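1. the sequence and its predicted three-dimensional model are supplied below.
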Amino acid sequence: MMIRPVACLLAALCLAAPVAAERIEVRAGDGALASAVADAAAGDEIVLSAGRYVGPLVIETPLRLTGAKGAVIDGAGAGSVITINTADVTVTGLTVTGSGRSHDTIDSGVKLTKKATRARVIDNDIRGNLVGVDIHGARDALVKGNRIEGLRLARMNDRGNGVYVWNAPGSVVEDNEIRYGRDGIFSNTSRDNTYRGNLFRDLRFAIHYMYTNDSLIEGNISIGNHLGFAMMYSDRIVARENISINDRDHGVMLNFTNQSDIFANLVTGGTEKCVFVYNAHRNLLAENTFLGCDIGVHFTAGSERNTITGNAFIGNRTQVKYVGSRDVEWSYEGRGNFWSDHVVFDLDGDARADSPYRPNDLMDHILWSQPAAKLLLGTPAVQLVRWSQAQFPATQIGGVVDSHPLTQAPASDVPAPYETLAQATPLWAKGGRDDDFDPLASH
């Protein structure tokens, strides 16, 4: 007679058990995808077979949307192709194309709204959209392993970004290949973000920071863009182990960026300025290699209290451009930088040169402030001024001083998988498009 209460208890437990998530297979057809998404329950997986599906699509149920090879969602030029408007949605394995072209509504291949917490956009082909992925207020989102190819409109500013991040704390963008469009990643008014292991080609900026704090830029490759890594109006950024190859204007730019660590990066390939530092303070530039640029580092607009140590300046036409009336020390705790044009002696064998290094002289200051004076280069008068300053250091008027130059440069090479891409002619060098812009004015 004691069996009845136990049976009732078991029945109650069965009724309370959650319904198992379903795998829903969908074939291409009019309205098939929208109907499947509307009918799905939380936790279901919708699997799209090969074929073309009509968008736009709005997802408001936590689910997984998976595409078999050849599954394409086409927005037909209207708004965003896929909009995720709820938490815990994954979109993977799809080709996503055909967004609208409105910058006002940020038409995108995949749009993550503020409700799309923990969204996952993984291993998709996202091409032919104004913006690839718009992380618009979605916290802790992940955009990983996608191939994003933007529009190639004649005017670069008419194009959209590969990934646009706005006010999305905790979001991670990693291991994506992003080409064409405007900026690879445009990060605006956000914090605590990670941008790691991405490959950027034929863009305006590879990574563009505006008002983004406490974030990480790590292990990215920028090839043939107008500018590699631009950190603007942002604080406490760590940018480490990134590579800029054949970028046109700057490899790294700090503009009103403070208290940031720029560490172990490589800039190479004939860039105009390996690093441009504009009104940026209390930053650390350490263990970087600046190779073969017109200018190694350009410091301007009163940038102060920056620590420069352990870097290698190799084969730059002008190692440093800095105009100032007082000496600025570029070593830290007895460790300076390596300068390829500094003839060094190291009699005590401590891997530090026995003489300090000044990258600029009085004539450099004159030429920067009075460009017309370049007509005098090579004349005896100019040579006499330079010889006099070399013999009488007291005549220097201020500038960069490295009191403890290094005698050896740290090893820093382009990784083998990217050597072929590094040798290709950048798109910007081929001309024929309206791609000119001012990096300090273009946001």
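-> Looks like it came in fine.
2. tell me the bridge partners for the residue nearest the centre of the chain.
-> In the chain, the residue lying closest to the centroid (CA atoms, centre = their mean) is Ile207, at 2.4 Å. Under DSSP bridges, the beta-bridge partners of Ile207 are Ile185, Phe229.
3. next one: it from Gly77, what distance?
-> 29 Å (CB to CB, to the nearest Å). All C-beta spots, glycine's among them, are computed from the backbone N, C-alpha and C.
4. quick one: residues contacting the residue nearest to the centre of the chain.
-> Counting by CB atoms under 8 Å, 6 or more residues apart in numbering, Ile207 makes contact with 183-185, 187, 195, 198, 200, 217, 220, 222, 228-230.
5. okay, now Ala154: neighbour count?
-> For Ala154, the neighbour count with other CB atoms under 10 Å is 10.
6. do the same with the one 3 residues further on
-> As a burial measure, the neighbour count of Asn157 was computed by other CB under 10 Å and equals 12.
7. repeat for Asp348
-> Around Asp348 there are 8 residues (other CB under 10 Å).
8. what residues are up against it?
-> Shown in contact with Asp348 (CB under 8 Å, 6+ apart): Asp354.
9. i'd like the first residue to be 235 from this point on
-> New numbering, starting at 235: the last item is Asp582.
10. and it, that's in a strand?
-> No. Under DSSP: H, G, I helix; E, B strand; the rest coil, Asp582 falls outside any strand and is assigned coil.
11. name the nearest residue to Ala402, ignoring sequence neighbours.
-> Sequence neighbours aside, Ile369 is the residue nearest to Ala402 in space, at 4.4 Å (criterion: CB to CB, 6 or more residues apart in numbering).
12. the helix or strand harbouring that neighbour packs against which elements?
-> Here Ile369, judged by DSSP states H and E, is contained in strand 365-370. Where contact means 3 or more CB pairs under 8 Å, 6 or more residues apart in numbering; DSSP states H and E, strand 365-370 is packed against strand 342-346, strand 381-384, strand 397-400.
13. show me the helices in the stretch 235-384 of the chain, by range?
-> Taking DSSP state H, counting those that start in this stretch, the helices of the stretch 235-384 of the chain run over residues 237-250, 266-273.
14. least reliable of the ones you listed by average pLDDT, please.
-> Per-stretch mean pLDDT for the helices of the stretch 235-384 of the chain is lowest at helix 237-250 (a mean of 51).
15. against Val634, how distant is Arg592?
-> Arg592 is 7 Å from Val634, by CB to CB.
16. who's more crowded, those two?
-> Val634 (21 against 18).
17. average pLDDT for stretch 369-389?
-> Averaging pLDDT along stretch 369-389 gives 96.
18. which parts of it are buried?
-> Residues of stretch 369-389 classed as buried by neighbour count (16 or more other CB atoms under 10 Å): 369-373, 375-378, 380-385, 387.
19. helices and strands of the protein: which one bottoms out on pLDDT?
-> Ranked by mean pLDDT, DSSP states H and E, the weakest helix or strand in the chain is helix 596-603, scoring a mean of 48.
20. then stretch 283-300 to PDB, C-alphas only?
-> Output of stretch 283-300 as PDB, limited to C-alpha atoms (Å, rounded to 0.1, in the frame of the first residue of the first chain):
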ATOM      1  CA  SER A 283      20.400  22.100 -45.700                       C
ATOM      2  CA  ALA A 284      22.200  23.500 -48.800                       C
ATOM      3  CA  GLY A 285      20.200  26.200 -50.600                       C
ATOM      4  CA  ARG A 286      19.200  29.800 -50.500                       C
ATOM      5  CA  TYR A 287      17.000  31.100 -47.700                       C
ATOM      6  CA  VAL A 288      15.200  34.400 -47.800                       C
ATOM      7  CA  GLY A 289      15.900  37.100 -45.100                       C
ATOM      8  CA  PRO A 290      15.700  39.300 -43.200                       C
ATOM      9  CA  LEU A 291      15.500  36.900 -40.200                       C
ATOM     10  CA  VAL A 292      14.800  37.900 -36.600                       C
ATOM     11  CA  ILE A 293      15.700  35.400 -33.800                       C
ATOM     12  CA  GLU A 294      14.000  36.000 -30.500                       C
ATOM     13  CA  THR A 295      14.300  32.500 -29.000                       C
ATOM     14  CA  PRO A 296      17.500  31.100 -27.500                       C
ATOM     15  CA  LEU A 297      18.600  28.500 -30.100                       C
ATOM     16  CA  ARG A 298      21.300  27.300 -32.400                       C
ATOM     17  CA  LEU A 299      21.200  28.000 -36.100                       C
ATOM     18  CA  THR A 300      23.500  25.800 -38.100                       C
END
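21. what residues sit buried inside it?
-> Using 16+ other CB under 10 Å as the test for burial, stretch 283-300 gives 285, 287-293, 295-300.
22. give the rounded mean pLDDT of it.
-> Averaged over stretch 283-300, pLDDT sits at 96.
23. again with stretch 415-423
-> 97.
24. one step back: please name the residues that touch the residue nearest to Ala402.
-> Leu346, Ala375, Val377, Val397, Tyr398, Val399, Trp400, Ala402, Ser405, Val407 are the contacts of Ile369 under CB under 8 Å, 6+ apart.
25. which of the residues you listed lies closest to Gly544?
-> Comparing the contacts of Ile369 against Gly544 with CB to CB picks out Val407 as the nearest, at 28.7 Å.
26. can you pull the phi and psi angles for the closest one?
-> Dihedral pair for Val407: phi -120, psi 110, per degrees, to the nearest 10.
27. could you give the bridge partners of it?
-> Using DSSP bridges, the bridge partners assigned to Val407 are Val377, Tyr429.
28. so it is in contact with Val377, correct?
-> Yes. If you go by CB atoms under 8 Å, Val407 and Val377 touch, sitting 4.7 Å apart.
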